[in-house]
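# Requesting a structural model of the entry that follows:
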Amino acid sequence: MNRREVLQRAALTLGYAVSAPFAAAVLNGCKAKPELAFTPKFFSKEQAELVSAIAEAILPRTTTPGAIDAGVPGFIDDMVGTVYSPEQQKSFIDGLDAFASEAGDFVGASPEDQLAFVKKKNSEALSGGSGGQSEGWWAAGSGASKPFFLQFKELTILGFFTSEPGATQVLQYKMVFGPFKGCVPLKEVGKAWAT
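Next up, the predicted model:
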């Protein structure tokens with residue numbers, strides 16, 4: 001064996017050693033859908049993926065945690081599965097299905113497309129247009145109903161701001177309050193206080 005053969009075999013050996021992990025990393029990085037951050041108890045896997053995508057489109061990760069970082073999809077799964085009555089659960093699922101059929105492949109869409117669709121649904125819901133009426137826990141027995149998207153948005157915000165990341169990293173949070181100051185200009189406070 002000459003020097004050229006040794007170098008070629010060493011290059012091939014090193015190439016195989018480097019390329020196998022690289023190929024695995026590339027293949028794992030090209031998954032069509034992100035892995036779920038929670039194990040759904042009430043929703044199916046597809047519904048849980050949609051709930052995660054909608055919640056993250058409403059509250060995406062920026063310099064602060066996003067909805068998925070705060071565990072909002074699991075919170076929504078728990079709330080709908082344990083707090084809602086069977087009629088409210090069916091209404092929520094119907095609203096989720098209507099959202100999914102109108103959005104198409106929302107989970108696989110780009111973040112820009114997801115945001116555009118969420119903005120559209122929010123505008124429709126606020127203007128009283130379509131958006132799927134869904135009776136939630138706030139309307140139990142009152143006969144009142146609210147568009148599905150607004151109900152979903154409320155659950156997302158409630159789940160986010162009652163989570164540890166939402167309360168401590170986004171809101172101003174003090175475990176033990178200091179002295180009471182009755183009239184403080186908002187510009188000195190800067191943000192709302194967690195309660």
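
# Tell me where the model's unsure across the chain.
1-35, 129-144, 173-177, 190-195 (pLDDT under 70).

# now the strands for it?
Secondary structure of the chain (DSSP state E): strands at 133-134, 146-147.

# in its sheet, what does the last one sit against?
Taking DSSP bridges as the criterion, strand 146-147 forms sheet pairs with strand 133-134 (antiparallel).

# I'd assumed residue 42 was in contact with residue 89.
Yes. Applying C-beta atoms under 8 Å, one finds residue 89 in contact with residue 42, separated by 7.5 Å. In short, each C-beta sits where N, CA and C put it, glycine included.

# Give me the common contacts of the two.
80-81 (C-beta atoms under 8 Å, 6 or more residues apart in numbering).

# More neighbours: which of those two?
residue 42 (18 against 15; other C-beta atoms under 10 Å).

# Phi first, then psi, for the more buried one.
phi -100, psi -50 (degrees, to the nearest 10).

# Now do the contacts for it.
77-78, 80-82, 89.

# As TSV, the residues you listed with distance to residue 71 would be great.
Shown next, in TSV, are those (distance: C-beta to C-beta, whole Å):
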residue	distance to residue 71
77	10
78	10
80	15
81	15
82	15
89	20
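
# of these, buried ones?
Neighbour counting by 16 or more other C-beta atoms under 10 Å classes 77-78, 80 among the contacts of residue 42 as buried.

# Quick check: of the residues you listed, which lies closest to residue 179?
Closest approach to residue 179 among these (C-beta to C-beta): residue 78, at 37.4 Å.

# Now do the closest one against residue 41, distance only.
Distance, residue 78 to residue 41, by C-beta to C-beta, to the nearest Å: 7 Å.

# try residue 75
For residue 75 relative to residue 41 (C-beta to C-beta), the value is 12 Å.

# Tell me which of these two has more neighbours.
residue 75 (21 against 12).

# The more buried one - nearest residue in space that isn't next to it in sequence?
residue 159 (3.5 Å; C-beta to C-beta, 6 or more residues apart in numbering).

# Residue 103 too?
residue 117 (5.5 Å).
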